[in-house]
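Asker: Provided below for reference: sequence and predicted model.
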Amino acid sequence: MCRARCRQRLQDCIRLSQHNSQHFPSSSHHHQNAIPERLENFAMVKMIPAQANPTPLGLYAYAITNLLGNLYTINTRGISNGNLIIGMAISCGGLAQFIAGMWDFAKNNTLGGTAFTIYGTFWMSYGLMHIPGLGSVASYAGESADQLPNAMGLYFAMWFLLSVLFTPAFLRSSVVTFSMFVTLDLMWMFLMIDSFTGSDAARKVGGWSGIVSCCLALYEGTCILYTSDVTPIRLPRPMMPFAAKSVDDTESDIKDMGIPEVKYSA
């Protein structure tokens, strides 16, 4: 019933606008139809039931887990054993990101759902392979010294390849998100080089690249979380030149036209 009333109200607004447009001085037929067309587009947006945005959850889960892992990678405060990442990798980086991905799929966001889900499985797999009881890493004990590093190098190579494929898909996103994936690409690449060559410099560059990526993810997640319903604080979020017009921009246009806003919640 609520949806029907909202739809009827919007249709009444459109008919009223069409009637009034006949009395507006106009130099073109396009100008007369502009308001009804934009109202129809707005109606399609606003009649979608309100849903929570899982993106901050996914970005925060990625950021804090990867940040901790990279702090271990660069031996922060002399730490050389980073096995404490296991629990966080499986629960926060793995499960929380995976759930965020499933929610993004439910919101018809294929890109976000795919990214969060697949990177969630990375942390699950990384955590599981380092659980001592499962013996994944221990199984290389009797092999030659280069077996485990080469195996890890190929492991990182797969994620480097995947991230490189993801990066162009974010050309229509924000500058922060695109930069986050560029630095993530660098992290995978240098960790792969470190595994294959044992280069300490590559390990540190990879770790710092990951830290930058995590900081960008924290900022992007906060930008999305800080909506007008949550806080009056708004953070600048510049968009890429190829970015499509957002729903927020469409709503701003409607408000500028002086048209009453109709909201629908399931």
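Answerer: Sure, I can see it.
Asker: so what's Phe181 closest to, chain neighbours aside?
Answerer: Distance criterion CB to CB, 6 or more residues apart in numbering; nearest residue to Phe181, sequence neighbours excluded, is Thr167 at 4.5 Å. (C-beta placed from N, C-alpha, C; glycine too.)
Asker: try Leu225
Answerer: That would be Pro56: by CB to CB, 6+ apart, it lies 4.2 Å from Leu225.
Asker: what's the distance between the one you found and Leu162?
Answerer: 23 Å (CB to CB, to the nearest Å).
Asker: out of the two, which sits in the more crowded spot?
Answerer: Neighbours were counted for Pro56 and for Leu162 using other CB atoms under 10 Å; Pro56 has more, 20 against 17.
Asker: neighbours of Phe181, how many?
Answerer: 21.
Asker: the helix or strand harbouring it: which residues count as buried?
Answerer: Assigned by DSSP states H and E, Phe181 belongs to helix 175-197. Across helix 175-197, burial judged by 16 or more other CB atoms under 10 Å covers 175-196.
Asker: hang on, isn't Leu71 packed against Gly210?
Answerer: No: if you go by CB atoms under 8 Å, Leu71 and Gly210 don't touch, sitting 9.2 Å apart.
Asker: between these two, which has more neighbouring residues?
Answerer: Legend: neighbour count by other CB under 10 Å for Leu71 and Gly210, higher for Gly210 (24 against 18).
Asker: contacting residues around the more buried one?
Answerer: Each residue near Gly210 by CB atoms under 8 Å, 6 or more residues apart in numbering is listed here: Asn66, Leu67, Gly69, Asn70, Thr73, Thr183, Leu184, Met187.
Asker: let me know the closest of the residues you listed to Pro236.
Answerer: Taking CB to CB as the measure, Pro236 lies nearest Thr183 of these, at 19.1 Å.
Asker: which residue packs closest to the closest one, ignoring adjacent ones?
Answerer: Nearest-residue entry for Thr183: Ser213, 4.0 Å, with adjacent residues in sequence omitted and distances by CB to CB, 6+ apart.
Asker: got it, and Tyr155?
Answerer: Nearest residue to Tyr155 in three dimensions, chain neighbours excluded: Ser195, at 7.9 Å (CB to CB, 6+ apart).
Asker: residues contacting that neighbour?
Answerer: By CB under 8 Å, 6+ apart, the contact list for Ser195 reads Pro149, Asn150, Met152, Gly153, Tyr155, Phe156.
Asker: tally of neighbours for Leu154?
Answerer: Neighbour tally, Leu154, other CB under 10 Å: 12.
Asker: hmm, I was thinking of Ala63
Answerer: Neighbour number of Ala63 under other CB under 10 Å is 23.
Asker: so which residues of this structure form helices?
Answerer: Applying DSSP state H to the chain gives helices spanning 2-21, 29-46, 55-73, 85-88, 97-106, 110-129, 147-166, 175-197, 200-225, 247-256.
Asker: restricting to C-alpha, output stretch 132-147 in PDB.
Answerer: Extracted in PDB, the C-alpha atoms of stretch 132-147 (Å, rounded to 0.1, in the frame of the first residue of the first chain):
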ATOM      1  CA  PRO A 132      49.800 -25.000  12.200                       C
ATOM      2  CA  GLY A 133      47.400 -27.900  12.700                       C
ATOM      3  CA  LEU A 134      46.500 -28.000   9.000                       C
ATOM      4  CA  GLY A 135      50.100 -28.500   8.000                       C
ATOM      5  CA  SER A 136      50.000 -26.600   4.800                       C
ATOM      6  CA  VAL A 137      53.300 -24.700   5.400                       C
ATOM      7  CA  ALA A 138      54.800 -27.500   7.500                       C
ATOM      8  CA  SER A 139      54.500 -29.900   4.500                       C
ATOM      9  CA  TYR A 140      57.400 -28.100   2.800                       C
ATOM     10  CA  ALA A 141      59.800 -28.900   5.600                       C
ATOM     11  CA  GLY A 142      61.300 -31.800   3.900                       C
ATOM     12  CA  GLU A 143      61.500 -30.100   0.500                       C
ATOM     13  CA  SER A 144      64.300 -28.000  -0.900                       C
ATOM     14  CA  ALA A 145      64.700 -24.500   0.500                       C
ATOM     15  CA  ASP A 146      63.200 -22.800  -2.600                       C
ATOM     16  CA  GLN A 147      60.000 -24.800  -2.700                       C
END
